[in-house]
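Student: I need the structure of the sequence given here:
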Amino acid sequence: MFLLSYRQIFSSSGWGASGLYVQNEILQIYPAGISCLEPIFPQIWYVAIMSRSLDGTVKLFLNGYLCGEGTPKENNHYALNPHEISLFHGPGKEQNQASGYVRDVKVYNHSLTDEQITTAARCRTNSVGKGCPFTISFSSSAARTKYSSVWGGDESGHGFARGRLNSKQAWSAQESKLGEWMQLDSGSVQSILGVTTQGRRDLDQWVTGFKVQVSADGNAWVDAFCGRYFKANSNRNSKVRTIFPEPILARYVRVLPYTWYGHMSMRAGVIVCEKPCVGGELNYKFRMDFLSSTFGPAMDPYWGEGDFETEVGPYIFNGGKGLTLEGSRCMGAGKQYTIILDVLLDKVDGVWNRLVGSKGWGDTGLYVNTNLRLSPSAINMRCKETILPGRWYKYVMTRDVKGEVSLFVNGEVCATGTPDISDHFALDSKEVVLLHDDGGRNGDGKVRNVRIFNQRLDDKKIALICDCLLPEKGEACSNFISYSPPYQMTKFSSIWASDQPGTGHGRSRLNSGQAWTAGQAMVGEYVQMDTGEVQSIAGVVTQGRHDMDEWVTAFTVEVSQDGIAWYSVHCSRVFQGNKDRSTKVKTIFDYPARARYVRVMPQKWLNQISMRVGVLLCERPCIDGVLDYGFKMSYLSRTKGPSLNPYWGEGLFLGPSGPYQFAAGQGLKVAHGRCIKANTYSILFEVALDVTDGWRRLLQSDGWGDNGASISLGLVCCVWCVEV
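Tutor: The predicted model follows:
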């Protein structure tokens, strides 16, 4: 055993200038070209062994591991002169001579086996693990990653202590010196097949070579392969996968930088065997990696890696940098499946964004372009909901064994069919493509979760996974009334200037003189209306602010039966709102929700969150054959039945209790036939007219022509009661 400085270490008479050298920090047999990769540093103790077998095979070992071998032709395959060998003395000038320290030399009259050499070098062997055909690269969490030292003393997971693969920076040691290390916990004793390394992301600093130690318990450490040196990185971000000569059975792995560029900085993970997926599910959470939390294969950023926004995701993809998956070991033949993608897209209007494709599908697949849809359009499978840019959605595609395909947005089914194309969209599970299209029909965005099941989940299970709590369905109806509850039955998340409900900026009722304006323009604000009893809620009606260009352009709706447990209408579907101050936009749900309370939650707006709003209720039979309209900020009858319709333009409600002011021509209609008989009725008006000269019509009905009840010259003409 000896300390090597440089130049010739060992030779034999007759070899001439040939022999064992350290040249340019490399241990090598010159000129045979047999060498070790590991650089030799001054003032470090090494064990070097050279052996020759009877067949002329020459092997070179460093610290007990085999680092080079061959059958050189020179010097009779480097057979020893029977009389003389020389140590640490080379031919010629002083620069060919070695200097240093030696504490042991042993010469054997036979070729030792590799195992004997390992023992002679006092190298502790590693517990051998089992190999496997499929592997994944795994970075332990910040809590399970340790460092010998950190620049500036940062805590693990922060600053200079971010050594996980793909992190925003790296681990940087306090000092660039031998003996520093990064320790990874693989979670359990298992086969460690190698390590993956990266340089520092934000500066030109990386480790160019390293050694490895392993442990089963985190206390007793053993050099991997007798302290073998492995070559590492040459730039900041390329991942270098180092596969060990054979798997090692261990839990903990220490990577010890040996050579570096700039400063000792690195990101690293361990390579372990892929485990079978649990329960036929792959669940990718993008927490600085492409691994499934339910095991199985890792995703492959085949077209180039994007970026991870934080330690817990999401993953940012752009420029076609999607993902591919060889999932056959978990997904089977791909005849039935459920794919759930939690994705935010930057652009959706008029831009094609491919979400799911597969080998054999060609240009067909699942896309977003304004709506979630299957391509080609001739399939006629498109969801109704308008997708908004910059908003998170859970997109779902399923296929059952019969070839029926369904699409979901946020957990609610929105399209179903049996498309006669691409084998009814059966997956080739050996090649599933996500967020990429070879034709360039892919946009930019973020993904925070992908779940793939090898079966067609039922609709309730999908809704649950998507965090969608659907309300109880109400009874369908064909006739609606618009209702704005009084302010005593209306609540607000906040009101601008802290005005009280019903005053100033707290006037949310349809037709009010202003609107509700939220205390701050941010998602999460809401108007809550109490309809008085549990009933069928058919939709909502919205208006902008009466006196300024402020209105809500998109919103979601939640409903409740008790004001405590809330349910999202159509799984938080975003409904389209207003485009001006006064036009009433009726939003009718796909089916009524059985509820009492209704919350309208603005998602997008013009200038400020301001709106007037009411609910669409199912019209109910009038009480005792009477329609009684009190004009208390609405056109509703106090005795149920149909509401009045300001068919020729709306007037103005002058206060919470009325009256209703109408201009010339702004009359009202009512479809009374469901309550009032045509041949017997009584009608009472309480009216104050601005002008009473000429003819002023009060009442008319289809088929009457110009006849009816009117005011002329201050007199009521043609007003009668008919009783049959």
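
Student: you'd agree Ser11 is up against Glu84?
Tutor: No. Contact between Ser11 and Glu84 fails when scored by Cβ atoms under 8 Å: they sit 9.6 Å apart. Where you see a C-beta, it was placed from the backbone N, CA and C, and this is true even at glycine.

Student: of those two, who's got more company?
Tutor: Ser11 (26 against 10; other Cβ atoms under 10 Å).

Student: and the gap between the more buried one and Ala98?
Tutor: 11 Å (Cβ to Cβ, to the nearest Å).

Student: now do the shared contacts for those two.
Tutor: 89-90 (Cβ atoms under 8 Å, 6 or more residues apart in numbering).

Student: on the C-terminal side of the helix or strand hosting Thr398, identify the next helix or strand.
Tutor: Using DSSP states H and E, Thr398 sits in strand 392-399. Downstream of strand 392-399, the first helix or strand assigned by DSSP H and E is strand 405-409.

Student: tilt between the helix or strand just after that next one and strand 392-399?
Tutor: Using DSSP H and E, the helix or strand that follows strand 405-409 in sequence is strand 412-417. With axes from the mean of the first three to the mean of the last three Cα atoms, to 10 degrees defining the directions, strand 412-417 sits at 40 degrees from strand 392-399.

Student: who are the packing partners of strand 412-417?
Tutor: With contacts taken as 3 or more Cβ pairs under 8 Å, 6 or more residues apart in numbering; DSSP states H and E, strand 412-417 sits against strand 371-375, strand 405-409, helix 459-465.

Student: dump these into JSON lines; add mean pLDDT, distance to Lys632 and mean neighbour count as well.
Tutor: Output for those, formatted as JSON lines (pLDDT from 0 to 100; distance: least, Cβ to Cβ, whole Å; neighbours: other Cβ atoms under 10 Å):
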{"stretch": "strand 371-375", "mean pLDDT": "96", "distance to Lys632": "40", "mean neighbour count": "22"}
{"stretch": "strand 405-409", "mean pLDDT": "98", "distance to Lys632": "39", "mean neighbour count": "23"}
{"stretch": "helix 459-465", "mean pLDDT": "96", "distance to Lys632": "39", "mean neighbour count": "17"}
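
Student: same list, the ones you listed, but as TSV with distance to Asn219 please.
Tutor: Output for the helices and strands packed on strand 412-417, formatted as TSV (distance: least, Cβ to Cβ, whole Å):
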stretch	distance to Asn219
strand 371-375	54
strand 405-409	50
helix 459-465	42
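
Student: now stretch 605-614: buried residues?
Tutor: Buried residues in stretch 605-614, counted by 16 or more other Cβ atoms under 10 Å: 605-606, 608-614.

Student: can I get it as CSV, trimmed to CA atoms?
Tutor: Taking Å, rounded to 0.1, in the frame of the first residue of the first chain, the C-alpha atoms of stretch 605-614 are listed here in CSV:
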residue,chain,number,x,y,z
TRP,A,605,-64.9,40.6,-14.7
LEU,A,606,-64.6,43.9,-16.5
ASN,A,607,-63.0,46.6,-14.4
GLN,A,608,-64.5,45.5,-11.1
ILE,A,609,-66.6,42.7,-9.6
SER,A,610,-70.0,44.3,-9.9
MET,A,611,-73.3,42.5,-10.6
ARG,A,612,-77.0,42.3,-10.1
VAL,A,613,-78.3,38.8,-9.8
GLY,A,614,-81.3,36.6,-9.2
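
Student: so which helix or strand of the protein has the lowest pLDDT on average?
Tutor: None of the helices or strands of the chain scores lower by mean pLDDT, DSSP states H and E than strand 2-3, at a mean of 38.

Student: so where do the helices sit in the stretch 101-250 of the chain?
Tutor: With DSSP state H, counting those that start in this stretch, the ranges of helices along the stretch 101-250 of the chain come out as 114-120.

Student: ok, which stretches of it are strands?
Tutor: For the stretch 101-250 of the chain, the strands defined by DSSP state E, counting those that start in this stretch occupy 135-138, 145-147, 171-172, 182-198, 206-215, 222-223, 230-231, 240-261.

Student: mind listing what Ile495 touches?
Tutor: 501, 504-506, 516-519.

Student: now it: closest residue in space, sequence neighbours ignored.
Tutor: In this structure, Ile495 finds its nearest non-sequential neighbour in Gly506, 4.5 Å apart by Cβ to Cβ, 6 or more residues apart in numbering.
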